[in-house]
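Build me a model from this:
(one chain, ligands or ions: 1)
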Amino acid sequence: MYRSRIMGIGMYVPSRVVTNHDLSTKMETSHEWIVERTGIEERRWVSEGETGTDLATKASREAIERAGLQPQDIDLIIYATLSPDFMFPGTAVFVQRALGLKEIPCLDIRQQCTGFIYGLSIADAYIRSGVFKTILMIGSEVHSTGLDVSTAGRDITVLFGDGAGAVVIGRATDDKHMILSTHIHADGSEAEILWTEYPASARNPRISAEAMAERKHYPSMNGKKVFKHAVTRMPAAIMEGMMANGIKSIDEIDMVIPHQANLRINQMVGKMIGMPEHKMHNNIMKYGNTTAASIPICAHEAVQLGKIKPGDLVCLVAFGAGLTWGSAFVRW
Ligand code: COA
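Reported below is the predicted structural model:
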């Protein structure tokens with residue numbers, strides 16, 4: 001049986017910076033409110049015509065280059081998103097086309113903020129079984145075209161940003177650089193506490209003037225419930241991974257890269273597991289919550305800053321809509 005490793009990582013965010021002050025000109029909010037509750041100072045939003053495919057393709061090219069490979073070496077694309085470019089087909093085929101690839105399989109997955117961890121687990125299983133050798137795993141989101149920028153949507157709109165991250169996953173050649181474990185979970189009993197109801201095939205018609213007047217085509221969230229679940233599930237997922245890998249002390253972990261939903265959530269998780277602040281990297285301040293893209297965007301920055309070095313033991317952990325959650329332990 002083969003084992004897998006992360007060979008290269010890339011990221012791309014749109015150039016358009018949207019500050020908290022910019023938002024306060026469109027809705028009743030303030031820089032102070034947003035920073036105090038979430039840590040977010042600014043985020044990137046796409047410009048007219050810029051798509052999730054565009055962001056993903058740029059992130060992918062960097063990941064492939066850093067892996068020392070060519071696009072033609074990729075034999076599967078996995079694309080995690082909650083904001084596909086179109087209802088169908090999935091967005092991975094558009095990235096395939098943009099990279100000049102032909103006929104390789106393309107798989108879109110929909111696990112929201114846990115999308116990247118789910119994608120890693122799928123890629124890891126495919127590599128272990130020998131079915132595929134080199135997989136491009138992307139998390140990419142364009143939230144901004146679907147957010148309510150009026151005061152009615154302020155609780156959610158201030159949180160989200162656009163961006164993409166990508167990794168190339170290939171066969172491990174030694175035990176110093178490998179994906180050690182992935183653990184993924186879901187609980188649909190409260191699926192509606194964070195969702196977008198319209199447009200939907202479960203509704204007939206899929207979208208209506210009435211639904212739009214009630215702003216049901218925008219995401220809605222019970223923020224307090226989501227917060228409580230996140231600070232319970234993320235520590236549990238970290239502990240689960242530690243136990244599976246025989247990691248007896250938190251000190252053995254070199255870096256935790258948590259999903260970037262809210263700085264306060266991550267600070268609380270850090271305290272609960274006894275992780276010193278310098279061993280948990282966050283960059284939500286600059287990018288907001290980029291959902292499936294947040295972990296690779298954050299890990300990319302940690303690598304660039306030298307906070308993650310080859311061979312380090314890195315824990316990736318996420319929680320999101322669904323509800324879904326999970327962790328991955330990686331020898332980088
Ligand atoms: N600016 C100013 N005021 C805002 C606001 C904004 N952007 N958003 C909400 N408010 C108001 C509310 O209307 C409410 O006013 P009221 O007391 O008059 O009704 C008040 O601020 C407090 O709102 P509340 O929802 O109680 O705030 P909170 O302390 O729970 O913080 C979140 C809100 C969204 C920051 C917080 O619940 C959170 O981060 N939850 C998790 C979200 C998340 O991580 N989602 C993604 C998961 S992957």
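
Tell me, how many residues neighbour residue 208?
15 (other CB atoms under 10 Å). C-beta coordinates here come from the backbone N, C-alpha and C atoms, glycine included.

and this structure, which of its residues are near the ligand?
With CB under 6 Å from any ligand atom as the criterion, the chain meets the ligand at residues 29, 33-34, 37-38, 113, 154-155, 158-159, 221, 223-224, 226-227, 230, 261-262, 265, 289, 319-320.

domain parsing for this structure?
Taking automatic domain parsing as the criterion, the chain consists of the domains 4-171, 178-331.

Check the separation of the first and last residues in the first one.
Taking CA to CA, to the nearest Å, domain 4-171 runs 5 Å from one end to the other.

Just say which of the domains of the chain is most tucked in.
Ranked by average neighbour count under the criterion mean count of other CB atoms under 10 Å, those are headed by domain 4-171 at a mean of 21.

for this structure, which spans come out with low pLDDT?
Under the criterion pLDDT under 70, no range of the chain is flagged.

hey, which helix is longest across it?
helix 223-244 (DSSP state H).

As PDB, could you dump the C-alpha coordinates of that one?
What follows is helix 223-244 as a C-alpha-only set of coordinates in PDB (Å, rounded to 0.1, in the frame of the first residue of the first chain):
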ATOM      1  CA  GLY A 223     -24.200  32.400  14.800                       C
ATOM      2  CA  LYS A 224     -24.300  31.500  18.500                       C
ATOM      3  CA  LYS A 225     -25.200  27.900  17.800                       C
ATOM      4  CA  VAL A 226     -22.500  27.600  15.100                       C
ATOM      5  CA  PHE A 227     -20.000  29.100  17.500                       C
ATOM      6  CA  LYS A 228     -20.800  26.600  20.300                       C
ATOM      7  CA  HIS A 229     -20.600  23.600  17.900                       C
ATOM      8  CA  ALA A 230     -17.300  24.800  16.500                       C
ATOM      9  CA  VAL A 231     -15.600  25.200  19.900                       C
ATOM     10  CA  THR A 232     -16.700  21.700  20.800                       C
ATOM     11  CA  ARG A 233     -16.100  19.800  17.600                       C
ATOM     12  CA  MET A 234     -12.700  21.200  16.700                       C
ATOM     13  CA  PRO A 235     -10.900  20.200  19.900                       C
ATOM     14  CA  ALA A 236     -12.600  16.800  19.700                       C
ATOM     15  CA  ALA A 237     -11.300  16.300  16.100                       C
ATOM     16  CA  ILE A 238      -7.700  17.300  17.200                       C
ATOM     17  CA  MET A 239      -7.800  14.800  20.100                       C
ATOM     18  CA  GLU A 240      -9.100  12.100  17.800                       C
ATOM     19  CA  GLY A 241      -6.200  12.600  15.500                       C
ATOM     20  CA  MET A 242      -3.700  12.700  18.300                       C
ATOM     21  CA  MET A 243      -5.000   9.400  19.700                       C
ATOM     22  CA  ALA A 244      -5.000   7.700  16.300                       C
END
